[in-house]
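In: Coordinates for the following, if possible.
(one chain, ligands or ions: 2)
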Amino acid sequence: MKNKPSNIRLGIFGFGCVGQGLYDVLQTIEQAGIEVAPICVKDKEKPRSLPASAFTYNPQDLLQDESITLFAELISDADEAYSIVKQALVAGKTIVSANKKMLATHLPELIKLQQNYNGTLLYEAAVGGSIPIIRTLESYYSSETLQRVSGILNGSSNYILSKMESEGLSYSLALQQAQKLGFAEADPTLDVGGFDTVNKLSLIAAHAFGVTVKPELILRFGIDVVGEEDLEAAATIEARIRLVAFAEVNPFNELNLHVLPTFVPAQRELYHVVNETNGVTIDPVFAGEQFIKGRGAGSHPTGSAVWADVSAAISGYRYAYRKTKIKTIVLNQDKKITIYLRCPGGASLPEAAWENLVKIQETGEATSFTADISVKELQSIQTDLAANHIFIAQIAAEQAVNIALKLKQKAEVAYS
Ligand SMILES: NC(=O)C1=CN([C@@H]2O[C@H](COP(=O)(O)OP(=O)(O)OC[C@H]3O[C@@H](n4cnc5c(N)ncnc54)[C@H](OP(=O)(O)O)[C@@H]3O)[C@@H](O)[C@H]2O)C=CC1
Ligand SMILES: N[C@@H](CC=O)C(=O)O
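Out: Ligands and ions are numbered 1, 2, ... in the order given. Prediction:
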């Protein structure tokens, strides 16, 4: 490891896209006073950009080293990440993690461990890549009521949708590119199925609204069955399809959460968020709407967020989880939304409490509809919709009227 005047030894787990990104950032920060201990990885045979002496293969070499009190957990295995983070916190140490799956799954326990053992856990890189969203919600907005937080939180899905739209790439080619560029998870189903966004949304809910929600309770649809025809349908009403995470509190302190492909109109900032960029809108009661965008995935942007946490931790920063102590907000998924559905040839809509169901297009390959339905009801038919490869996306009521009209006009021109 590079020799620097050091007073802090940093234990890093993982030297993939993010681990390498952090390492590169550290090389440029001469005055950081950080010495990197041998980095813990898994595969002894993998070619590396550093000599073999820079690595260890046993997490205990770092966790039991008394000279290390600060760790960065950047591995792709959520179960192993959980055991590393837990052991560090029980030892009262400080650990930074980028593993949103692990964090969202275990957040209530991880909050308790920090309280009980006086350890510190920070995880800015886990949500929105380089965007400082967790610290903004946690610290800046710790005392102001937020009405809504929504946005694009998955770089891979956004990259795929953007490339399909702008370059006409096929879904599978765009996904391959997202994987090659290091944006996608080891299992890309987490990205395109909306699971990664759900995990991030549940972390946002804890810091923005003080509610820790199990990821599996959040309505989730991904972009895995999106087709060119859906993007073209969106274009007819000057909209783009984006995978949007949404959290909103109503006047009765009820929180509605969902992750859905969404028709985003050209007037919204999110329409202009392309490739792996993420964008988040915060809606505080008094400050008024704010929008932050930045690289949501990738080696250096994410490495930068990890470094921001490492340096904040060195200065003694920790999350207070102030809003979780107030606990006035409860999850309620009764809200009605309007959706667009495309059923591929032969598939029919599952039985459900559809309202205002309108057929908006019928071709040899597919039939499309718009309809109103409650979030809870949509959750109950999720398995049926997925089994039939039915693509769904949220659409505003006025867009639903407009799209029916535009698709009808398009069909008339085609037949004339
Ligand atoms: N890629 C991105 O843009 C972003 C990723 N993240 C998160 O950061 C984390 C790392 O992602 P990323 O760098 O992309 O993943 P990579 O697949 O590129 O790298 C994963 C690293 O974890 C190591 N690893 C896996 N399992 C173990 C284990 N059991 N013990 C020790 N090391 C292990 C691998 O070791 P080896 O090298 O030996 O294979 C590898 O170095 C994930 O939680 C991801 O969700 C968060 C934000 C953005
Ligand atoms: N796979 C994730 C990586 C960052 O969180 C993404 O694509 O956003």
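In: residue of the stretch 251-400 of the chain with the smallest distance to ligand 2?
Out: Nearest residue of the stretch 251-400 of the chain to ligand 2 (C-beta to the nearest ligand atom) works out as residue 297 at 3.8 Å. For the C-beta atoms, the positions are set from N, CA and C on the backbone; glycine is no exception.
In: That residue and residue 128 touch, don't they?
Out: No - applying C-beta atoms under 8 Å as the test, residue 297 and residue 128 come out as separate, 9.3 Å apart.
In: intersection of neighbour lists for those two?
Out: residue 278 (C-beta atoms under 8 Å, 6 or more residues apart in numbering).
In: what's the closest non-adjacent residue to the closest residue to ligand 1 within the chain?
Out: Using C-beta to the nearest ligand atom, the single residue of the chain nearest to ligand 1 is residue 16, 1.8 Å away. Excluding the flanking residues, the one nearest residue 16 by C-beta to C-beta, 6 or more residues apart in numbering is residue 76, at 6.4 Å.
In: returning to what we had before: name the nearest residue to the residue of the stretch 251-400 of the chain closest to ligand 2, ignoring sequence neighbours.
Out: residue 155 (3.1 Å).
In: quick one: the one you found from ligand 2, how far?
Out: Distance, residue 155 to ligand 2, by C-beta to the nearest ligand atom, to the nearest Å: 4 Å.
In: Now for that residue, how many residues are close by?
Out: Neighbour count for residue 155, taken as other C-beta atoms under 10 Å: 27.
In: Contacts only, for the residue of the chain closest to ligand 1.
Out: Contacts of residue 16 (C-beta under 8 Å, 6+ apart): 74-76, 182.
In: Grab the two from those residues that are most spread out in space.
Out: 75 and 182 (14.4 Å; C-beta to C-beta).
In: okay, those two: which has more neighbours?
Out: residue 75 (24 against 18).
In: host element of residue 393?
Out: Secondary structure from DSSP states H and E places residue 393 in strand 391-394.
In: For that strand, enumerate the helices and strands it packs against.
Out: Contacts defined by 3 or more C-beta pairs under 8 Å, 6 or more residues apart in numbering; DSSP states H and E place strand 391-394 against strand 254-265, strand 336-344.
In: On the C-terminal side of that strand, identify the next helix or strand.
Out: helix 397-415.
In: Which positions in the stretch 301-416 of the chain make contact with ligand 1?
Out: residue 302 (C-beta under 6 Å from any ligand atom).
In: no wait, the chain
Out: 13-19, 40-43, 46, 74-77, 80, 98-100, 125-126, 129, 182-183, 185-186, 297-298, 302.
In: My guess is the residue nearest to residue 297 contacts residue 183. True?
Out: Yes - with contact defined as C-beta under 8 Å, residue 155 and residue 183 form a contacting pair (4.6 Å).
In: which neighbours do those two share?
Out: Overlap of the contact sets of residue 155 and residue 183 (by C-beta under 8 Å, 6+ apart) consists of 276, 297-298.
In: So which of the residues you listed wins on neighbours?
Out: Neighbour max across these (other C-beta under 10 Å) = residue 297, 29 neighbours.
In: Surely that residue is within a strand?
Out: No - under DSSP: H, G, I helix; E, B strand; the rest coil, residue 297 falls outside any strand and is assigned coil.
In: quick one: it and residue 151, what's the gap?
Out: Distance from residue 297 to residue 151, counting by C-beta to C-beta, to the nearest Å: 14 Å.
In: all strands of the stretch 1-150 of the chain, in order?
Out: 8-13, 34-36, 39-40, 55-56, 70-73, 94-97, 120-122, 146-152 (DSSP state E, counting those that start in this stretch).
In: how distant is the fourth one from the center of its chain?
Out: Here strand 55-56 is found 30 Å from its chain centre; the criterion is C-alpha atoms, centre = their mean, to the nearest Å.
In: just to revisit the earlier point, how about the residue nearest to residue 16, phi and psi?
Out: Note on residue 76: its backbone torsions stand at phi -90, psi -10 [degrees, to the nearest 10].
In: burial measure for it, as a count.
Out: Residues lying near residue 76 (other C-beta under 10 Å) number 18.
In: thought residue 194 was touching residue 243?
Out: Yes - with contacts counted by C-beta under 8 Å, residue 194 reaches residue 243, the gap being 6.5 Å.
In: Give me the common contacts of those two.
Out: 154, 157, 222-223, 259-260.
In: who wins for most neighbours among those?
Out: Most surrounded of these: other C-beta under 10 Å gives residue 154, at 35 neighbours.
In: Residue 350 versus that one, what's the distance?
Out: To residue 350, residue 154 is 26 Å away according to C-beta to C-beta.
In: Mind picking the one among the contacts of residue 16 that's closest to residue 23?
Out: residue 74 (9.7 Å).
In: The residue nearest to that closest one when sequence neighbours are not counted: what's it in contact with?
Out: Nearest non-adjacent residue to residue 74, counting by C-beta to C-beta, 6+ apart: residue 14, 3.6 Å away. Shown in contact with residue 14 (C-beta under 8 Å, 6+ apart): 39-41, 73-76.
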